[in-house]
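[1] coordinates only, sequence not included:
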């Protein structure tokens, strides 16, 4: 059951209880529940850096204010660790996210599947709580498809996956194709840089759209 799932993720899955008879919504956090880019831009300013908005990727778009030169990949990694450490608990919630999840919770069980480093999981939980989104969290490492397969194993009800990153949709398509995949990018600037994920079922643009879509499919019993 744990093939391909990181050792630091397995204990989190072992303690999670999924009702096999109830619909399941698995949602990402950054740029789905939290305004990651808004928080990152503010953080970059404190480091004499800025985001260039030339593409969807972080590497190559984080540049020094003084020289306009991009920082190296290794520095991007360290910068993100500092960002999660200092800002993860305080990122602003996406408009409508808490209300959307509250509405969905009357129809489905909800799990937050975030690629926040596990050592910052408690900070992410604090952010979820302060944003009015008190739902189980899995701090994942790597692709998400096999975790989604684990979570939906034996599920006798519809399952939905919400994420902003295309390769996560591809991973879920590969390992858990039965799950309906919803592509959503909260930041309008970031959304303009990327078309619908190839392996998503649909691209949605707000939390009212997401919650209405899922509830409609749960109540009608089909895609």
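    The structure has been received and is ready for your questions. The model shown is predicted, which means the values in this text are computed figures rather than measured ones. Residues are numbered from 1 along each chain as shown.
[2] going forward, measure contacts and count neighbours with C-alpha atoms only.
    Will do.
[3] ok now do the spatially most central residue of the chain, which residues does it touch?
    Relative to the mean C-alpha position of the chain, the nearest C-alpha, by C-alpha atoms, centre = their mean, is the one of residue 28, at 1.9 Å. Shown in contact with residue 28 (C-alpha atoms under 8 Å, 6 or more residues apart in numbering): 112-115, 162-164.
[4] relative to residue 46, how far out is it?
    Between residue 28 and residue 46 the computed distance is 27 Å (C-alpha to C-alpha, to the nearest Å).
[5] what's the answer for residue 23, then?
    Residue 23 sits at a distance of 43 Å from residue 46 (criterion: C-alpha to C-alpha).
[6] quick one: which of those two has more around it?
    Between residue 23 and residue 46, counted using other C-alpha atoms under 10 Å, the more crowded position is residue 23 (23 against 9).
[7] let me see the confidence value for the more buried one.
    The predicted local confidence for residue 23 comes out at a pLDDT of 98.
[8] which strand residues bridge residue 182?
    Partner residues in beta bridges with residue 182: residue 162, residue 202, with DSSP bridges as the criterion.
[9] looking at it now. What's its pLDDT?
    Note on residue 182: pLDDT of 98.
[10] residues contacting it?
    Remark: with contacts taken as C-alpha under 8 Å, 6+ apart, residue 182 is in contact with 160-163, 200-204, 210.
[11] of these, closest to residue 171?
    Proximity of the contacts of residue 182 to residue 171, judged by C-alpha to C-alpha, is greatest for residue 200, which lies at 10.4 Å.
[12] which residue packs closest to that closest one, ignoring adjacent ones?
    Here the nearest residue to residue 200 in space, its sequence neighbours aside, is residue 181; by C-alpha to C-alpha, 6 or more residues apart in numbering that works out to 4.8 Å.
[13] just give me the neighbour total for the one you found.
    The criterion is other C-alpha under 10 Å. On that basis, residue 181 has 25 neighbouring residues.
[14] what of residue 87?
    Taking other C-alpha under 10 Å as the criterion, the count of residues near residue 87 is 18.
[15] that one should be in a helix, yeah?
    Yes: when DSSP: H, G, I helix; E, B strand; the rest coil is applied, residue 87 is found to be in a helix.
[16] list the contacts of it.
    residue 39.
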